[in-house]
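Colleague: Task: produce atomic coordinates for the following.
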Amino acid sequence: MRLYSLSVLYKGDPKVHLLKAAYDVSTFNFFQRSSVQEFMTFTSQLIVERSELGSRASVKEQEYLCHVYVRNDGLAGVVIADNEYPQRVCFTLLDKVLDEFSRQVSKMDWPSGSPETIGYAALDGHLSKYQVERPGT
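Modeller: Model prediction:
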């Protein structure tokens with residue numbers, strides 16, 4: 001069971017943009033890592049774009065399961081995991097991250113924010129804390 005990506009996005013008008021993200025691409029070949037990360041960023045934005053405000057969904061994309069939660073205020077979170085990772089845990093993580101993010105980052109910064117300008121450093125910690133290693137790996 002593995003988590004590959006944890007992203008916070010803003011579903012604004014006219015489009016969705018990434019506010020902050022953390023990736024674990026360590027299981028991929030070194031030469032594939034940047035394209036895998038780009039794929040995860042693109043997929044996260046696309047899923048949020050296609051989701052309604054106030055909705056939760058799990059979407060299968062290739063060999064991954066993408067769990068998305070879009071709040072009514074436009075703040076959205078996406079977890080990309082393997083097929084074995086428990087859905088309930090993913091949504092618990094998304095709830096926790098979005099609540100924490102909205103307390104630490106001003107709502108006024110969401111529409112114009114980017115990963116470089118948003119001061120929220122907890123995603124990497126959450127991604128590693130929720131990582132479940134298989135015995136013997």
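Colleague: Do you have the strands of this protein handy? List them.
Modeller: Listed in chain order, the strands of the chain (DSSP state E) span 3-11, 16-23, 55-61, 64-70, 75-82.
Colleague: Can you list the helices and strands that the last one packs against?
Modeller: Using 3 or more C-beta pairs under 8 Å, 6 or more residues apart in numbering; DSSP states H and E as the contact criterion, the neighbours of strand 75-82 among helices and strands are strand 3-11, helix 33-50, strand 64-70, helix 87-104. For every residue, glycine as well, the C-beta is placed using N, CA and C.
Colleague: can you pull the contacts of the closest residue to Leu93 other than its chain neighbours?
Modeller: With C-beta to C-beta, 6 or more residues apart in numbering as the criterion, Leu93 has its nearest non-adjacent residue at 5.4 Å, and that residue is Tyr130. Shown in contact with Tyr130 (C-beta atoms under 8 Å, 6 or more residues apart in numbering): 3, 89, 93.
Colleague: Next up, phi/psi of Tyr130, please.
Modeller: phi -90, psi 0 (degrees, to the nearest 10).
Colleague: and the helices and strands packed on strand 75-82, which is most packed in?
Modeller: Comparing those by mean neighbour count (mean count of other C-beta atoms under 10 Å), strand 3-11 comes out on top with a mean of 25.
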